[in-house]
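Novice: Test case, fold it:
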Amino acid sequence: MIDKPVVVEKLSKIYPVRQRKGLFRSQKDFVQALKDISLDVEQGEIFGLLGPNGAGKTTLIKILTTLILPSSGKVWVNGFEVSKHENDVRASVGCMLMGERGLYWKLTGRENLEYFGALYHLPPASRKKRATQIIERIGLEDIADRTVETYSSGQKMKLAFGKALINDAPLLILDEPTNTLDLPSASELRSIVRQLHEQGKTVIYTTHIMAEAETLCDRVAIIDRGELLAIGTVAELKDSLRWAKVIHVEGVIPAQAVKAVREIAAVKQATRTSQNGATQLTVVSAEGSEILAELIQVLTHHGASIHKLTPQEPTLEDVFITKTGRTLAEDTRVR
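Specialist: Below is the predicted model of the structure:
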C-alpha cells in the first residue's frame, strides 16, 4: 500500500531525436532526460524540484501528471500507479504545467475556470461557485469577464495558477508558476501557495529561482542533466557543505584566471557567471580566509581586475554549484 502522495522508483525517460547530418540525411539518436531517479514526497509538504532549464524537471512533472509515460521505473501518485490508473491520477491532482499556453484565449477568465471545472465533472452550480472563489483568491475580479486574449502575461499566469485549483485536489503540481510574473505578483502567488500548504495541501514546486526554493520549500531535490544529485531540507543541504568556505569575487575575470584558480590545491570548485553586466567567480574551498592572499595573487597575475571579494557561509546556490560545477543560470536543454 502506497501511503505517500508521490513515490518514484528508478525512473528513467529516453527521448528519440534526429540529428541532421548533411543537407538531406539525418541520424537517429537518443537523449536521456531522466536517469534512474528515486524519491518520495511526504504528505502536506512543499517539495521543491530545483534545477536549470533542461535539467529534467518538466519531464518528471509530465510523467507525474500522465502526459508522458516513463521508459522504465514506476511512479505512484496519490496511491495510483501512473501507467495503469491515468484517470484516477488526473482526478486527484491540480496542475499548472504550460502556464498561459494552457488557457483558451477567446474565453473569459471565468469561462476558462468553469470549463476546466466541467472537465473534472463538477456540477454546474459547484463549478460556478468554485470559479468565483478562485477569481477572488487570485485577485482577478476586475478582469474575470474579459477575454483572456486581453490579459497581460502576468494576469494569464495568475489565471493558469487558478486553473490548477479548480478541482480542489489534495496534490498541487506547479511547474515554474512565477515565470514571467513581476515581483509583487510572484510574492502574492507564493503567499497563496503557503496558505494552501497550511490548509494541508501537498505541493510539488519546480523552479530555477534559488530564493523561491530556499524560502518556500520544506524539502528540495536538486536535479541536473536528468540526475538526482541531492535531496533534503534547505538546512540539510547547506549542512552538507559544512566543510566548505565560499568566496564570491566580482570584477573582470578572464578565462585563464578562472583556470588558474581551479589549480589552487585548496579550491574544490570555481565557477564564473555573468549577470546584469557583472562577472562573478564563486570559489568553494576547504579553507576560508587562509587562501585569500593566494587567490588574489593568482587572479591578478592572470589578468583579473577585482572589484569586490566576499567570504561567506554556504547558500543553497553554493550547494548547487558544488554538486554540478555550474550555476542555475546555465541552460542545459538539448537543441
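Novice: from here on, contacts and neighbour counts on C-alpha atoms
Specialist: Fine.
Novice: Let me know how buried the residue nearest to residue 178 when sequence neighbours are not counted is, in neighbour terms.
Specialist: The shortest distance from residue 178 to any non-neighbouring residue, by C-alpha to C-alpha, 6 or more residues apart in numbering, is to residue 186 (5.3 Å). The number of residues packed near residue 186 is 19, by other C-alpha atoms under 10 Å.
Novice: what about residue 186, which helix or strand?
Specialist: Using DSSP states H and E, residue 186 sits in helix 183-198.
Novice: May I have that helix as PDB, with CA atoms only?
Specialist: Output of helix 183-198 as PDB, limited to C-alpha atoms (Å, rounded to 0.1, in the frame of the first residue of the first chain):
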ATOM      1  CA  LEU A 183       7.900  40.800  -8.200                       C
ATOM      2  CA  PRO A 184       4.700  41.800  -6.400                       C
ATOM      3  CA  SER A 185       2.600  39.200  -8.300                       C
ATOM      4  CA  ALA A 186       5.200  36.500  -7.700                       C
ATOM      5  CA  SER A 187       5.200  37.300  -4.000                       C
ATOM      6  CA  GLU A 188       1.400  37.200  -3.900                       C
ATOM      7  CA  LEU A 189       1.400  33.700  -5.600                       C
ATOM      8  CA  ARG A 190       3.900  32.300  -3.200                       C
ATOM      9  CA  SER A 191       1.800  33.600  -0.300                       C
ATOM     10  CA  ILE A 192      -1.200  31.700  -1.700                       C
ATOM     11  CA  VAL A 193       0.900  28.600  -2.000                       C
ATOM     12  CA  ARG A 194       1.800  28.900   1.700                       C
ATOM     13  CA  GLN A 195      -1.800  29.300   2.600                       C
ATOM     14  CA  LEU A 196      -2.700  26.200   0.700                       C
ATOM     15  CA  HIS A 197       0.100  24.400   2.400                       C
ATOM     16  CA  GLU A 198      -1.200  25.500   5.800                       C
END
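Novice: That helix - what's its average pLDDT?
Specialist: Across helix 183-198, pLDDT averages out at 94.
Novice: Ok, stretch 11-27 next?
Specialist: Per-residue scores along stretch 11-27 average to 73.
Novice: re earlier: what about the helix holding residue 186, distance to the chain center?
Specialist: Offset of helix 183-198 from its chain centre (C-alpha atoms, centre = their mean, to the nearest Å): 16 Å.
Novice: Any stretches of the stretch 1-150 of the chain with poor pLDDT?
Specialist: Per-residue confidence for the stretch 1-150 of the chain (pLDDT under 70) gives these ranges: 1, 18-28.
Novice: again, only using 90
Specialist: Applying pLDDT under 90 to the stretch 1-150 of the chain flags the ranges 1-3, 15-31, 51-55, 58, 97-102.
Novice: which stretches of it form strands?
Specialist: Counting by DSSP state E, counting those that start in this stretch, residue ranges of the strands within the stretch 1-150 of the chain are 6-21, 25-41, 46-50, 72-77, 80-81, 93-96.
Novice: Packing partners of the fifth one?
Specialist: Judged by 3 or more C-alpha pairs under 8 Å, 6 or more residues apart in numbering; DSSP states H and E, strand 80-81 is in contact with helix 86-91.
Novice: Need the residues that contact the helix it packs on.
Specialist: The set of residues external to helix 86-91 that reach it, using C-alpha atoms under 8 Å, 6 or more residues apart in numbering, is 65, 66, 77, 78, 80, 81, 82, 120, 167, 169.
Novice: swap in stretch 172-192?
Specialist: 58, 61, 93-99, 138, 153-154, 157-158, 161, 164-165, 201-208, 216.
Novice: Please tell me which one of the contacts of helix 86-91 counts the most neighbours.
Specialist: Counting neighbours by other C-alpha under 10 Å, residue 77 comes out on top of the contacts of helix 86-91 with 27 neighbours.
Novice: Identify the residues contacting it.
Specialist: 4, 5, 6, 7, 64, 89.
Novice: was I right about the third one contacting residue 41?
Specialist: Yes - contact criterion C-alpha atoms under 8 Å: residue 6 and residue 41 qualify, at 5.1 Å.
Novice: okay if I get the contacts of helix 86-91 as a markdown table plus distance to residue 259?
Specialist: Shown next, in a markdown table, are those (distance: C-alpha to C-alpha, whole Å):
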| residue | distance to residue 259 |
| --- | --- |
| 65 | 43 |
| 66 | 45 |
| 77 | 46 |
| 78 | 48 |
| 80 | 50 |
| 81 | 48 |
| 82 | 46 |
| 120 | 56 |
| 167 | 53 |
| 169 | 51 |
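Novice: which of those lies closest to residue 301?
Specialist: The nearest member of the contacts of helix 86-91 to residue 301, counting by C-alpha to C-alpha, is residue 65 at 53.6 Å.
Novice: Now do the contacts for that closest one.
Specialist: By C-alpha under 8 Å, 6+ apart, the neighbours of residue 65 are 82, 89, 90, 93, 95.
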